[in-house]
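In: Any chance you can model this:
(chains A and B)
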Amino acid sequence: VTDLLWLFVSWTVVNNFSLCYYMGMCPFIGATKRAGVAVRLGLATLFVMIITSIAATVLNAYVLEHAPYLRLISFIVVIASSVQFTELAIKKLSPPLFRALGIFLPLITSNCAVLFIALTQTNRQYGFIEGLVFALGGGGGFMLALFLMACLREESELSDVPQVVRGAGLTMVIAGILAMGFMGFAGLLSTPD
Amino acid sequence: VSEARPPSLYAEFAKGVWKENPAFVQVLGMCPTLAVTTTAVNALAMGGATTFVLTGSAFFVSMFRRLIPHEVRISTYIIIIASFVTIADSLLEAFTPHVHKELGPFIALIVANCVVLGRQESFAAKRPILPSVADAFGTGVGFTIALSCVGGLREIFGLGSYFGVDLFGERFEPWVVMILPPGGFLAFGLLMILLATAKRRKSARLAEGVAA
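Out: Sure thing, here's the model as predicted:
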């Protein structure tokens, strides 16, 4: 159990997907104008990640053993279908949320963080439970990064920033400073290998 | 008459390189732009692999554009892209194992690069093969240039070298932060601010010229 806890912590803050591995930059830059939307998008991504993790475990155990060259293609197909499923579920359960997320919902398919879950789980040979904890930790960390970034950007909109640096440049520098903060967690434990 | 003519192949190629540069202007494909640009060599290898995947899949998407049903087009594009990424991955592993090891999972993650998917959806799906390939190749070259800029900047400051050649001698203390995660954000952010400033200067000059 301690191992699982460490696995969770390491992928949530120490090896944060967005801030240490640069995963999922499109939503991280594009969908973090408002904190509410950012958190909901994070939740949707987390959900897709968990489905992907389960599917990757099953695929690895039964299919890919016989055809390793199909790995990438089968993972991406699984991700695309689970995004489609999530999209349908959200559209049915909460139409306002569906409209708020807009284009970023289908774009979860091309979020490399999700594919990274499937690939890393395979490379490190995580079992079923470990894979789930990994997806939870990674997705949770991604959500945390989206939320922090959205809060910072909401603040920066209200403050007096010189015209020249406004726009994408400012967002990147803010992200850089946030990443420096997250480097502080590196002392918490050594990288999980 | 000239308006009705489609733009030349060279124009399709050139717009992706500079005016619609995928990384600097459209701010797409940020993950590899930031993740593998710790040295100029890595950046170049990643750019090359992306260009290969982009051009190859644009060729096939354009060739099959009338056969692909509209409802499942995105999945079809992704499967075509994933096949090319698998090829690129195996080629790199076979011929340059060192670079392949450095780039790690990011080669496989080209599948999820929105620059690649974006070109298929917005260009190759509607146009004949030659313009599509020219457009994809131009976008790939533009992306490679952007990656090399970021990679060069980070290598120069973070390691004190360029393409592995030592620049400053022994007395230079490398800025380690530039090759750590925050450095990618900072380097790219500073480049963006620099470009925005240059653009403002230029438009101000043009406005002055019109006024005069």
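In: Pull the contacting residues for residue 158.
Out: All of this is about chain A. Residues counted as contacts of A:L158 (CB atoms under 8 Å, 6 or more residues apart in numbering or on different chains): none. The C-beta positions use only the backbone N, C-alpha and C, and glycine is treated the same way.
In: should've been chain B
Out: Residues near B:G158 by CB under 8 Å, 6+ apart: B:38, B:174-179, B:183.
In: ok, and the most crowded of the residues you listed?
Out: B:G183 (24 neighbours; other CB atoms under 10 Å in any protein chain shown).
In: name the helices or strands packed onto whichever helix or strand A:V58 is part of?
Out: Per DSSP states H and E, A:V58 falls inside helix A:35-62. Helix A:35-62 sits against helix A:71-93, helix A:95-101, helix A:112-123, helix A:128-158, with contacts defined as 3 or more CB pairs under 8 Å, 6 or more residues apart in numbering or on different chains; DSSP states H and E.
In: what about the residue nearest to B:A136 when sequence neighbours are not counted, distance to B:T139?
Out: Spatial nearest neighbour of B:A136, excluding adjacent residues (CB to CB, 6 or more residues apart in numbering or on different chains): B:A58 at 3.5 Å. Relative to B:T139, B:A58 is positioned 9 Å away (CB to CB, to the nearest Å).
In: How about A:R166?
Out: Distance check for A:R166 against B:T139: by CB to CB, it reads 26 Å.
In: cool, and A:A56?
Out: With distances taken as CB to CB, A:A56 is found 31 Å from B:T139.
In: neighbour-wise, which of those two wins?
Out: More crowded of A:A56 and B:T139, by other CB under 10 Å: B:T139, with 31 against 26.
In: Skipping adjacent residues, who's closest to that one in space?
Out: Of all residues beyond its chain neighbours, the one nearest B:T139 is B:G16 (3.6 Å), with distances taken as CB to CB, 6+ apart.
In: quick revisit: quick check: neighbours shared by B:A58 and B:T139?
Out: Common neighbours of B:A58 and B:T139 (CB under 8 Å, 6+ apart) are B:R119.
In: show me the contacts for the residue nearest to the spatial centre of chain B.
Out: In chain B, the centroid-proximal residue (CA atoms, centre = their mean) is B:F143; its distance is 2.0 Å. Neighbouring residues of B:F143 by CB under 8 Å, 6+ apart: B:21-23, B:29, B:33, B:47, B:50-51, B:54, B:115.
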